[in-house]
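J.: I need the structure of the sequence given here:
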Amino acid sequence: MELRDEVRKEMVLLRERTPDVRGSVASTVDGLTIACDLVIDGGEQVAALASALLAMSRRMLALAGRGELEETLISGSAGHAAFYAAGPTIVLTVLAEPGANLGLLRLEGRKTASTVAAVARHVHSRSEEA
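T.: Model (predicted):
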């Protein structure tokens, strides 16, 4: 199974486990889409902006001496966008409805990001062995 398929499977599981999640996008830190689970168009734009936000968030934490990035959460009048570092090369963007349970979103988002990072490591190690 390809990285795209395995990552998308994890994103679908996230949406199924978390009722307020409406979709997600996994992308490289360079802004290229790996997998998309959105019902609307715009995955490529989300991926590009997510990579920029990830870089800025990591830089801000480094400047402030606040450790490694866990997440960036943006709340708006029509919902939330949460961004998670999924290992060193992937960013997971999760979109949620207004009034979402942010504790559950944070818990499940981090869990999915961790799983996506593990999947990427596994797929990468398999490709190196081949």
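
J.: and residue 22, how many neighbours does it have?
T.: 18 (other C-beta atoms under 10 Å). The C-beta positions use only the backbone N, C-alpha and C, and glycine is treated the same way.

J.: next helix or strand past the helix or strand hosting it?
T.: Here residue 22 sits within strand 21-28, counting by DSSP states H and E. Counting by DSSP H and E, the next helix or strand C-terminal to strand 21-28 is strand 33-37.

J.: helices or strands up against the helix or strand just after that next one?
T.: Sequence order places helix 43-64 as the next helix or strand after strand 33-37, per DSSP H and E. If you count contacts as 3 or more C-beta pairs under 8 Å, 6 or more residues apart in numbering; DSSP states H and E, helix 43-64 packs onto strand 21-28, strand 33-37, strand 72-76, strand 79-85, strand 90-96.

J.: of all those strands, which lies closest to residue 55?
T.: For the helices and strands packed on helix 43-64, proximity to residue 55 was assessed by C-beta to C-beta; strand 90-96 is nearest, at 9.3 Å.

J.: contacting residues around that closest one?
T.: 7, 11, 14, 18, 20-29, 34, 38, 46-47, 50-51, 54, 79-86, 105, 109, 112-113, 116-117, 120 (C-beta atoms under 8 Å, 6 or more residues apart in numbering).

J.: since that was my last question, I'll sign off now.
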